[in-house]
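**Q** Sharing a sequence plus its predicted fold:
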2 protein chains.
Amino acid sequence: MGVVIPLEEGKNKQASVKPLVDLTKADMDRVKQLILYKDGYDVEMIPEVANHLISSGGKRLRPMLTLASAQMFGYEGEGHIKLATSVEFMHTATLLHDDVVDESDLRRGKSTARMIWGNQASVLVGDFLLGQAFKMMVEVGSLDALDVLATSASVIAEGEVLQLSVAKNMETTEDDYLSVIRAKTAALFAAAAEVGPIIANTDRASRNALKSYGMNLGLAFQLVDDVLDYGGKAAETGKNVGDDFREGKITLPVILSYRRGTAEDHAFWKAAIEQGDSSDENLEKALGLISKYNGLGDTITRARHYGEMARDALSPLPASPQKAALMEVIDFCIDRVN
Amino acid sequence: MGVVIPLEEGKNKQASVKPLVDLTKADMDRVKQLILYKDGYDVEMIPEVANHLISSGGKRLRPMLTLASAQMFGYEGEGHIKLATSVEFMHTATLLHDDVVDESDLRRGKSTARMIWGNQASVLVGDFLLGQAFKMMVEVGSLDALDVLATSASVIAEGEVLQLSVAKNMETTEDDYLSVIRAKTAALFAAAAEVGPIIANTDRASRNALKSYGMNLGLAFQLVDDVLDYGGKAAETGKNVGDDFREGKITLPVILSYRRGTAEDHAFWKAAIEQGDSSDENLEKALGLISKYNGLGDTITRARHYGEMARDALSPLPASPQKAALMEVIDFCIDRVN
């Protein structure tokens, strides 16, 4: 199912994540080594479970943000490798826990860890990875970076709880939902981007610029993810159309379509999401309503707003290959829907 | 100076606040009586100072939100009159205090209270009005409404302090600025709209809808106010073009223009805003830069985003004259720039 979005003026080529990948490749290789390092673990299952997910081929956008933002300010130490690894561990831990909470069977087209090793192992390995993340952060020795990442870890946990409280509640407002994804997704993007200038000992303005960039990029990224769930190709996303629907997840396309709908539409959504009647027939009907009320198109328009905020956040920084790559990532995140 | 904004599709007429004014006229007359009531005051200066500002002809949008949102859910008591009066008192108190903090000479084309009665009187009468506001809220007897309004009072105060911390700092990000106006302006819009359904004993979903409507309307309103300061006609706004600039206030048009500017532009803004060189020549230059970087047009685009969020917040509520009037107020707030 395709999504029609207006092309931005003057843009001729598809934005790509490649410049960011190229700039951070050498550093990312070291991050991957740290991630896959097995000797330190006494319990064999830990690296097995962790690596199942970690090696499953995500884009690793978050650690790349840390690496590029440290490079951008001329950082020459080793700390960014460990901080980037911490960020990826934190992300992996939340995915492991999410799959337990959401009772998910598949992620990126593969069985989830909980389907192979069980819920208990998934929860505990997630906790272990969080512990590893904190250990690595501490080794870097920057109290400011520790503060930012530790705060984001607690905000993420807060977001998970907040999400539970809005789960399967069709009265969730767009503001409620934004609070959830700001905490669950965007806070880690923000922290990942902010710790680069921190360990490079840059001024407060640059820290704030990167933090604001990360936060708004994270919001745009999540909103586009929400759209892809209803309009993406399984091959590209590793998800099937309607996974969120089947799990009763309330995302912005659904919120907009519900709020714009008739009393009859409201009854349908309540039965489908709140009572869990997520048959294929209902998914078809949901897709029809989302299309009728332009739920996908307007979610992308909202995502563009946050993308513009991310762009203006980064604008005043001096030109550099890293800045150009981070700017292109904004468009890449949004253009994924094409 | 005109501002070119794209017309929304399918909109033929200028949106107006008139439907809201008409619906709330009878109630607003009683609010005005309460506001201008003089017998209870032992100190004559209090009603003099308060009424100077209160009778100076603002739109009284905030108390109208409370009245309309109570009507909307069939509220039949008297409490909405007192709550609407409280809201207007809270607003007036912050204006009195703002003018002292900002050292403003004029507001809506008239001398500010502090120019006539002095700073001390302005501060103390502001405090008195806050006290009156609380007294009236308590009389209504709804703990939930008290909670919402008292919380907004403390958020507003927090926003004032936050504003001090970003004042004259050109590195202020859009996110920082949004935090300020969310607290300083939008929180009271949100509270004003939310207390209506509260005293009408409506369900949580309706409360949240009105709260979200008010919050996003407040953001859109403030952003358009920021644009008007650089592009409005003095006769309509009671402000002169560039008042914010002369006071060294950093608003979104300036933030966007600064962040998009060159190193030379950055030096200009720092001299003008941070060092306070706000000559007419510099104002001309500032207007030129704002125009070059589309600071006004993009601020309006941002305002539209919040307007759309306000619209979707209110959408699921059943049709009513109040709902239609509140919807039209969104466009009215944004179309003021025309």
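**A** Received the coordinates, thanks. What you are looking at is a predicted structure, and each value in this text was computed from that prediction instead of being measured.
**Q** ok, and the closest non-adjacent residue to A:M309?
**A** Excluding its sequence neighbours, the residue lying closest to A:M309 (Cβ to Cβ, 6 or more residues apart in numbering or on different chains) is A:N216, at 4.1 Å. For the C-beta atoms, the positions are set from N, CA and C on the backbone; glycine is no exception.
**Q** Which pLDDT value goes with A:D39?
**A** At A:D39, the model reports a pLDDT of 62.
**Q** ok, how many other residues are close to A:K168?
**A** By other Cβ atoms under 10 Å in any protein chain shown, 15 other residues sit near A:K168.
**Q** Output the below-cut-off pLDDT ranges for chain A.
**A** By pLDDT under 70, the low-scoring segments of chain A are A:1-12, A:38-42, A:57, A:232-239.
**Q** Apply 50 and report the result again.
**A** A:1-10, A:234-235 (pLDDT under 50).
**Q** Can you list the residue ranges for strands in it?
**A** Ranges of strands in chain A, per DSSP state E, are A:106-107, A:110-111.
**Q** now the ones you listed as TSV including mean neighbour count and distance to chain B?
**A** Below are these laid out as TSV (neighbours: other Cβ atoms under 10 Å in any protein chain shown; distance: least, Cβ to the nearest Cβ, whole Å):
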stretch	mean neighbour count	distance to chain B
strand A:106-107	18	30
strand A:110-111	15	36
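**Q** between the ones you listed, which one is nearest to A:Y306?
**A** Set against A:Y306 and scored by Cβ to Cβ, these come closest in strand A:106-107, at 24.7 Å.
**Q** Sheet-wise, list the partners of the closest one with their directions.
**A** strand A:110-111 (antiparallel) (DSSP bridges).
**Q** show me what contacts A:K285?
**A** Counting by Cβ atoms under 8 Å, 6 or more residues apart in numbering or on different chains, A:K285 makes contact with A:268, A:272.
**Q** any idea how far A:G261 is from it?
**A** Remark: distance between A:K285 and A:G261 (Cβ to Cβ, to the nearest Å) = 11 Å.
**Q** Overlap in contacts, these two.
**A** Contact criterion Cβ under 8 Å, 6+ apart; residues shared by A:K285 and A:G261: A:F268.
**Q** Quick one: name the residues of chain A near chain B.
**A** Neighbours of chain B within chain A, by Cβ under 8 Å from any Cβ of the partner chain: A:171, A:173-176, A:204-205, A:208-209, A:211-212, A:215-216, A:255-256, A:258-261, A:266, A:298, A:301-302, A:305, A:308-309, A:312-313, A:315-316.
**Q** just the buried members of those residues?
**A** For these, a burial check counting by 16 or more other Cβ atoms under 10 Å in any protein chain shown picks out A:171, A:173-176, A:205, A:208-209, A:211-212, A:215-216, A:255-256, A:258-261, A:298, A:301-302, A:305, A:308-309, A:312-313, A:315-316.
**Q** Can you list which of these are found in helices?
**A** A:174-176, A:205, A:208-209, A:211-212, A:215-216, A:255-256, A:258-260, A:298, A:301-302, A:305, A:308-309, A:312-313 (DSSP state H).
**Q** Which part of the stretch 51-200 of chain A gets nearest to chain B, residue-wise?
**A** The stretch 51-200 of chain A approaches chain B most closely through A:E171 (3.6 Å), counting by Cβ to the nearest Cβ.
**Q** give the contact list for that residue.
**A** B:204-205, B:208-209, B:316.
**Q** Not counting sequence-adjacent ones, nearest residue to whatever residue of the stretch 201-338 of chain A ends up closest to chain B?
**A** With Cβ to the nearest Cβ, the shortest gap between the stretch 201-338 of chain A and chain B falls at A:A205, namely 3.6 Å. Of all residues not flanking A:A205 in the chain, B:E171 sits nearest, at 3.6 Å (Cβ to Cβ, 6+ apart).
**Q** ok, now how distant is that neighbour from A:S212?
**A** Separation of B:E171 from A:S212 (Cβ to Cβ): 11 Å.
**Q** Make a markdown table out of the contacts of A:E171 and add distance to A:R30.
**A** Listed next are the contacts of A:E171 as a markdown table, based on distance: Cβ to Cβ, whole Å:
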| residue | distance to A:R30 |
| --- | --- |
| B:R204 | 50 |
| B:A205 | 50 |
| B:N208 | 47 |
| B:A209 | 50 |
| B:P316 | 51 |
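**Q** Specify which member of those residues is nearest to chain A.
**A** Chain A lies nearest to B:A205 out of those, by Cβ to the nearest Cβ, at 3.6 Å.
**Q** Please enumerate residues in contact with stretch A:249-266?
**A** By Cβ under 8 Å, 6+ apart, stretch A:249-266 touches A:102, A:166-170, A:172-174, A:177, A:223, A:226-227, A:229-230, A:244-245, A:268-269, A:273, A:286, A:289-290, A:292-296, A:298-299, A:302, B:312-313, B:315-316.
**Q** Quick check: A:A192 touching A:T66?
**A** Yes. Counting by Cβ atoms under 8 Å, A:T66 is a contact partner of A:A192 at 4.8 Å.
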